[in-house]
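**Student:** pasted the sequence and its predicted model underneath.
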Amino acid sequence: MVNSADLVTIGISAGLAIGILIASLVFCGIRWYKKHSHLRRCANERCSTALPIRTNGLDASIDSSASVSNSIAIPGSEFPAKDSHLFWWSHRHDKDQLASASGIPRYSYKDIQKATHNFTTILGQGSFGPVYKATMATGGVVAVKVLASNSKQGEKEFQTEVSLLGRLHHRNLVNLVGYCVDKGQHMLIYEFMSNGSLENLLYSEEGQGLSWEERLQIALDISHGIEYLHEGAVPPVIHRDLKSANILLDQSMRAKVADFGLSKEEVFDGRNSGLKGTYGYIDPAYISSNKFTMKSDIYSFGVIIFELITAIHPHQNLMEFVNLAAMSPDGADEILDKQLVGECKLEEVRTLASIGHKCLHKTPRKRPSIGEVSLAIARIKQRRFAKEHTMSLADSDLSRMVSRIENQQVELFEIASFKDKATE
Ligand SMILES: Nc1ncnc2c1ncn2[C@@H]1O[C@H](COP(=O)(O)OP(=O)(O)OP(=O)(O)O)[C@@H](O)[C@H]1O
């Protein structure tokens, strides 16, 4: 028989068990609710920061949902591949680092100071300030552009570039992988381009001398980078300062366009003109109209095309050589870089030069669009491939014929020796 004391004990135990069960259900419910509402909030925030980027069928690696998926790929980058900057971001998250509105990770001054061995690894000096090579804690190698602290212009450009670059990624653009605003300093962190600038490769003593194939590929890479800016990005981006110093090359000698989103106050031309861009590359139509359009970028690209053909810097009267070349259909042969003489097909040089001349047309609207330029350069490569293919086909036909004749000769020889034996 169960006495009343036992009943009370059972009642209390059962009550306690039920109470514990209810409490844990309530606790789990609250946790579940909090977690889901946090995820919903994050998703909403991410949606609102992801701008639409039209890819136009271009070979762009941008993902408009990049900040959601954390999977932006920067092909050909020397930056750890799978992860890009967001890999760092996830690793630094616990350190209370902030991502900008565009999802670009932000680093502290201390991080950069360490990565650049206290700013001793200088790569060069640009008009915005020095650029340093940096090895980050994760092992990724990057280039850090420190904006001069006395530059008011730099501050504005900094804001422009961080928000713009967060949305622009392409294999032929030097991608922004981070930034730093700390201790009164502004820094932009880019993927590292180990082969330096096209200007350096074309004109400096240590430049190893680019082959024609490399130059053609570089021209195509640049045009694809600009094509993405002009025709892939929404809204379209005009570079405004295309020049060989702003074309950087990675470890595989693939070219990428740098410094887009940065603008300059004035050009050094002996007077304070208020024009933006770099002397030698500026569209003359822009100088007279003060209107900068995509066709002004096309003009600057035309100048770069002739730099690739001639290895003559625009500051060394390149345009005089270009005008000389324009006088006859084979005029480009006369201005060809000496290093390339006998090392390339003149027909290809002439075709590239004629594309360059079209880009330099004095009437902007008569210049081709960047899409047309890309197609025309790609065709030079396709034609060569088609020719090589037909030649190798012809070669294999010939070798098949030769081996057939050789076989027939062997057979005839055997018949003859058989006959000889029979008559003996
Ligand atoms: N991502 C990078 N990887 C490797 N080197 C770089 C990178 N960015 C810039 N550099 C190097 O740093 C130097 C300065 O570059 P920066 O872009 O600041 O100036 P610039 O383009 O030469 O001149 P300007 O600022 O007048 O356009 C150059 O020698 C350039 O090759």
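**Tutor:** Done, it's in. Residues are numbered from 1 along each chain as shown.

**Student:** from now on I want contacts and neighbour counts done on CA atoms only, so please keep to that.
**Tutor:** Fine.

**Student:** and the stretch 1-150 of the chain, which of its residues are near the ligand?
**Tutor:** 123, 124, 125, 126, 127, 128, 131, 143 (CA under 6 Å from any ligand atom).

**Student:** at 5 Å instead, please
**Tutor:** Counting by CA under 5 Å from any ligand atom, the stretch 1-150 of the chain comes close to the ligand at 123, 124, 125, 126, 127, 131, 143.

**Student:** which strands and helices sit next to the strand or helix carrying the third one?
**Tutor:** For residue 125, the enclosing helix or strand under DSSP states H and E is strand 122-126. Here strand 122-126 touches strand 129-135, going by 3 or more CA pairs under 8 Å, 6 or more residues apart in numbering; DSSP states H and E.

**Student:** quick one: name whatever helix or strand follows the strand it packs on.
**Tutor:** Note on strand 129-135: by DSSP H and E, the next helix or strand toward the C-terminus is strand 141-147.

**Student:** can you give me the angle that next one makes with strand 122-126?
**Tutor:** Angle of strand 141-147 versus strand 122-126, following axes from the mean of the first three to the mean of the last three CA atoms, to 10 degrees, is 40 degrees.

**Student:** what's next to strand 141-147, contact-wise?
**Tutor:** Strand 141-147 has contacts (CA atoms under 8 Å, 6 or more residues apart in numbering) with 78-79, 128-136, 154-155, 158, 185-193.

**Student:** only whichever of those residues are buried, select them in ChimeraX.
**Tutor:** Here is the ChimeraX command that selects the buried residues among the contacts of strand 141-147 (16 or more other CA atoms under 10 Å):
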select :78,79,128,129,130,131,132,133,134,135,136,154,155,158,186,187,188,189,190,191,192,193
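
**Student:** so the closest residue to the ligand within the chain bridges to which residues?
**Tutor:** Here the residue of the chain nearest the ligand is residue 126; by CA to the nearest ligand atom that distance is 3.1 Å. Beta-bridge pairing for residue 126 (DSSP bridges): residue 129.

**Student:** count the neighbours of it for me.
**Tutor:** Close neighbours of residue 126, defined as other CA atoms under 10 Å, add up to 13.

**Student:** what pLDDT does the closest residue to residue 333 other than its chain neighbours get?
**Tutor:** Spatially, and ignoring its direct neighbours in sequence, residue 333 is nearest to residue 346 (6.7 Å; CA to CA, 6 or more residues apart in numbering). Residue 346 is assigned 96 on the pLDDT scale.

**Student:** pop out the phi and psi values for residue 346.
**Tutor:** Residue 346 has phi and psi values of phi -60, psi -30 when expressed as degrees, to the nearest 10.

**Student:** kindly provide the distance from residue 316 to residue 359.
**Tutor:** Applying CA to CA, to the nearest Å, the value for residue 316 to residue 359 is 20 Å.

**Student:** neighbour count: the two, which is higher?
**Tutor:** Neighbour count, other CA under 10 Å: between residue 316 and residue 359, residue 359 has more, with 27 against 10.

**Student:** contacts only, for the more buried one.
**Tutor:** Shown in contact with residue 359 (CA under 8 Å, 6+ apart): 298, 299, 301, 302, 367, 368.

**Student:** number of residues surrounding the second one?
**Tutor:** The reference is to residue 299. A count of nearby residues for residue 299, using other CA under 10 Å, gives 27.

**Student:** surely it is in contact with residue 285?
**Tutor:** No: the pair residue 299 and residue 285 fails to qualify as a contact (CA atoms under 8 Å) at a distance of 9.5 Å.

**Student:** which stretches in the chain count as helices?
**Tutor:** Ranges of helices in the chain, per DSSP state H, are 4-49, 66-69, 84-92, 109-115, 152-165, 198-203, 212-227, 284-289, 294-310, 318-325, 332-335, 346-359, 370-423.

**Student:** which one of these has the poorest average confidence?
**Tutor:** Note on the helices of the chain: lowest mean pLDDT is at helix 66-69, with a mean of 28.

**Student:** list the contacts of the closest residue in space to residue 239 that isn't next to it in sequence.
**Tutor:** Counting by CA to CA, 6+ apart, residue 260 is the residue found nearest to residue 239 once chain neighbours are left out, at 5.1 Å. Going by CA under 8 Å, 6+ apart, residue 260 touches 161, 238, 239, 240, 241.
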